[in-house]
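Enquirer: have a look at this fold, sequence not included:
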């Protein structure tokens with residue numbers, strides 16, 4: 001049963017839209033915590049639309065259509081929402097997404113919320129927030145002209161060994177790309193950055209197999225920085241959850257099942273120079 005009061009749900013919806021940009025009912029239902037019934041969400045959104053605090057736009061693609069909701073841009077409504085969530089929305093650089101990017105943006109929002117719940121100690125940054133962030137530039141060794149190789153999300157932790165940043169790139173992969181393009185991005189992550197790991201969330205098994213093949217055949221041999229734990233530098237998932245463990249099901253470049261929580265524990269508690277593929281096979285302490 002939904003026990004969250006209506007005004008609290010209203011604040012949650014506004015906060016999610018302020019952070020992530022437009023979301024559909026699918027995205028809001030996936031991100032809201034605790035879960036909300038579809039009927040209850042419909043009632044909340046209808047009240048906000050009637051009050052002109054929200055607007056909606058129709059997305060059509062691949063034979064499907066859905067309404068995406070966003071905070072009204074009317075100055076009076078922006079002020080009202082700012083009061084509700086306790087943030088000045090006029091000072092927030094709101095992300096702009098073209099219609100064709102809405103589904104991908106929503107998937108990124110959903111996965112950011114998933115990783116927030118799994119790793120509350122992490123800072124999680126979305127791609128549109130990278131600009132001007134010096135720490136992100138240092139971790140990705142960005143040159144300012146290589147946006148194509150930026151990940152969708154970046155998780156930043158504090159090392160349990162020496163307090164240095166531990167960073168993990170997250171990619172949400174929906175469509176097949178050329179092997180040359182995939183190899184360029186994977187080389188960037190493995191050999192031309194300071195990343196400690198990479199996670200690919202793939203909508204289809206064929207996408208993860210294509211990525212795994214490119215990584216093992218074209219990238220790993222020359223990735224000297226991470227070669228000693230190269231099979232576990234990168235994880236893949238189709239988004240399915242292990243309900244018992246409460247985490248996404250993952251496998252590494254050697255096609256071995258991996259616990260995400262155990263994997264992250266190893267990254268945080270082992271210096272980069274000491275990491276070996278064998279280390280990742282033992283359970284977290």
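Expert: That came through fine. Keep in mind that what you see is a predicted model, and the values were worked out from it rather than measured. Numbers count the residues shown, from 1 in each chain.
Enquirer: contact partners for residue 66?
Expert: Residue 66 sits next to 24, 25, 26, 58, 59 when contact means Cβ atoms under 8 Å, 6 or more residues apart in numbering. Glycine gets a C-beta too; all of them are placed from N, C-alpha and C.
Enquirer: which ones among these map onto helices?
Expert: 25, 26 (DSSP state H).
Enquirer: can you select the buried ones from the contacts of residue 66 in ChimeraX?
Expert: With 16 or more other Cβ atoms under 10 Å as the criterion, this ChimeraX line picks the buried residues out of these:
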select :24,25,59
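Enquirer: tell me the two of the contacts of residue 66 that are most distant?
Expert: Within these, 26 and 58 form the most distant pair, 14.3 Å apart (Cβ to Cβ).
Enquirer: can you give me the strands in the stretch 51-200 of the chain?
Expert: In the stretch 51-200 of the chain, the strands defined using DSSP state E, counting those that start in this stretch lie at 54-61, 64-71, 123-126, 153-158, 165-173, 197-202.
Enquirer: what stretches of the stretch 151-285 of the chain score poorly on pLDDT?
Expert: Residue ranges of the stretch 151-285 of the chain with pLDDT under 70: 282-285.
Enquirer: list the residues that contact residue 173.
Expert: Taking Cβ under 8 Å, 6+ apart, we find residue 173 in contact with 200, 201, 202, 203, 207, 208, 211.
Enquirer: just residue 141 next, same as before
Expert: Per Cβ under 8 Å, 6+ apart, neighbours of residue 141: 192, 193, 194.
Enquirer: likewise for residue 167?
Expert: When contacts are counted by Cβ under 8 Å, 6+ apart, residue 167 touches 139, 154, 155, 156, 157, 194, 195, 196.
Enquirer: ok, residue 159 next?
Expert: Applying Cβ under 8 Å, 6+ apart, we find residue 159 in contact with 165, 166, 268, 271.
Enquirer: mind giving me the domain split of the chain?
Expert: For the chain, the structural domains run 6-96, 119-281, going by automatic domain parsing.
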